[in-house]
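S.K.: With the sequence up front, the predicted model follows.
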Amino acid sequence: MLDKLNKLSFVIGLFFFAISVILLANYLTSNSQPQQVNLYSGIIFLIFGTIMMLLKNTED
């Protein structure tokens, strides 16, 4: 696990994944008029975060 945290791509992916979960949860639990920005940016951040976490570091 510590090896993964030392790789910058994994940390960046984890950050974007966490932000996407927050945005999507806010979109789903919002009682006011739905904000499409939260949905679209949440989906894009989720895709980007997943790609960054799965990205293999080939510099070894």
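M.R.: Noted; the coordinates are in hand. None of these values were measured; they are calculated from a predicted model.
S.K.: By mean pLDDT, point me to the weakest helix or strand of the chain.
M.R.: helix 2-6 (a mean of 65; mean pLDDT, DSSP states H and E).
S.K.: And whichever helix or strand comes after that helix, what does it pack against?
M.R.: Moving toward the C-terminus from helix 2-6, the next helix or strand (DSSP states H and E) is helix 8-29. Identification of packing neighbours for helix 8-29 by 3 or more C-beta pairs under 8 Å, 6 or more residues apart in numbering; DSSP states H and E yields helix 36-54. Placement of C-beta: from N, CA and C, glycine included.
S.K.: Now do the helix it packs on: which elements does it pack against?
M.R.: Contact partners of helix 36-54 among helices and strands, from 3+ C-beta pairs under 8 Å, 6+ apart: helix 8-29.
S.K.: ok and the helix it packs on relative to helix 36-54, angle-wise?
M.R.: On the basis of axes from the mean of the first three to the mean of the last three C-alpha atoms, to 10 degrees, helix 8-29 is oriented at 150 degrees to helix 36-54.
S.K.: Export helix 8-29 to PDB, keeping only CA atoms.
M.R.: In PDB, the C-alpha atoms belonging to helix 8-29 read as follows (Å, rounded to 0.1, in the frame of the first residue of the first chain):
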ATOM      1  CA  LEU A   8       1.900  10.500  -7.800                       C
ATOM      2  CA  SER A   9      -0.600   9.200 -10.400                       C
ATOM      3  CA  PHE A  10      -2.300   7.000  -7.700                       C
ATOM      4  CA  VAL A  11      -2.500   9.900  -5.200                       C
ATOM      5  CA  ILE A  12      -4.000  12.300  -7.900                       C
ATOM      6  CA  GLY A  13      -6.400   9.600  -8.900                       C
ATOM      7  CA  LEU A  14      -7.500   9.000  -5.300                       C
ATOM      8  CA  PHE A  15      -8.100  12.700  -4.900                       C
ATOM      9  CA  PHE A  16     -10.200  13.100  -8.000                       C
ATOM     10  CA  PHE A  17     -12.100   9.900  -7.100                       C
ATOM     11  CA  ALA A  18     -12.900  11.300  -3.600                       C
ATOM     12  CA  ILE A  19     -14.000  14.600  -5.100                       C
ATOM     13  CA  SER A  20     -16.300  12.800  -7.600                       C
ATOM     14  CA  VAL A  21     -18.000  10.900  -4.800                       C
ATOM     15  CA  ILE A  22     -18.700  14.100  -2.900                       C
ATOM     16  CA  LEU A  23     -20.100  15.800  -6.000                       C
ATOM     17  CA  LEU A  24     -22.300  12.900  -7.000                       C
ATOM     18  CA  ALA A  25     -23.500  12.400  -3.400                       C
ATOM     19  CA  ASN A  26     -24.400  16.100  -3.300                       C
ATOM     20  CA  TYR A  27     -26.200  15.800  -6.600                       C
ATOM     21  CA  LEU A  28     -28.200  12.800  -5.500                       C
ATOM     22  CA  THR A  29     -29.100  14.200  -2.000                       C
END
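S.K.: Fine by me, we can end here.
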